[in-house]
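Undergrad: Dropping a prediction and its sequence here:
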Amino acid sequence: MTALLYTGRCNCGAVTAEITAEPVATRQCWCRQCQKTAAGGPTNNAMFPTDSVTLSGARGEFVYVAASGNTLTQEFCLSCGSPVLGRSSARPQFRTIRIGMLEGDHRLRPAMAIWTDDAPDWAMIDPALERWPQQPPAPMPKPTSQD
């Protein structure tokens, strides 16, 4: 049995997450669609291998073609509307979990800001973050140790 590394839940607790891997990337996204999801600011996300994420609870989906040309699916709790995750047709090997969904002192924070060309002029982007004006290349999965 693989140990749980992260757990999460939406605001009302109807949707829960169990994650058994470390993220392959942590990002802050300033694309226009994410700004709409996050009430004007960026979404803050952790990308995990798909097979390490187990979700339960009723979720709705919003599917659209993003500026990158990829089909994106954003999932949210049907009861409270909390953003849960994003999926990209170009990266089915990952699930992008909204960092705010994670419980406890997980210590995850964005390491990179993406789609910064779309950020509003008042945006405060941490200068310590790696920046990408649009979509960066897909992250490489981290090697797993074999005992």
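TA: Arrived safely.
Undergrad: residue ranges with poor pLDDT in the chain?
TA: Residues of the chain meeting the criterion pLDDT under 70: 1, 141-147.
Undergrad: The same query, at a cut-off of 50, please.
TA: Residues of the chain meeting the criterion pLDDT under 50: 147.
Undergrad: how about the strands of it, start to end?
TA: With DSSP state E as the criterion, the chain has strands at 6-9, 16-19, 25-29, 43-49, 53-56, 59-65, 71-77, 83-88, 94-98, 112-114, 130-131.
Undergrad: Most tightly packed of those?
TA: Ranked by mean neighbour count, the strands of the chain are led by strand 94-98 with a mean of 24 (mean count of other Cβ atoms under 10 Å). Heads up, the C-betas are built off the backbone N, CA and C, glycines and all.
Undergrad: what packs against that one?
TA: Judged by 3 or more Cβ pairs under 8 Å, 6 or more residues apart in numbering; DSSP states H and E, strand 94-98 is in contact with strand 43-49, strand 83-88.
Undergrad: re earlier: save the strands of the chain as TSV, and put in distance to P139 too.
TA: Formatted as TSV, the strands of the chain follow (distance: least, Cβ to Cβ, whole Å):
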stretch	distance to P139
strand 6-9	17
strand 16-19	16
strand 25-29	4
strand 43-49	6
strand 53-56	15
strand 59-65	22
strand 71-77	16
strand 83-88	12
strand 94-98	8
strand 112-114	9
strand 130-131	12
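Undergrad: wait, which of these is closest to D105?
TA: Distance to D105, taken as Cβ to Cβ, is lowest for strand 6-9 among those, at 11.0 Å.
Undergrad: Tell me which other helices or strands the closest one touches.
TA: By 3+ Cβ pairs under 8 Å, 6+ apart, strand 6-9 packs against strand 16-19.
Undergrad: re the thing from before, same list, the helices and strands packed on strand 94-98, but as a markdown table with distance to L5 please.
TA: Shown next, in a markdown table, are the helices and strands packed on strand 94-98 (distance: least, Cβ to Cβ, whole Å):
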| stretch | distance to L5 |
| --- | --- |
| strand 43-49 | 9 |
| strand 83-88 | 16 |
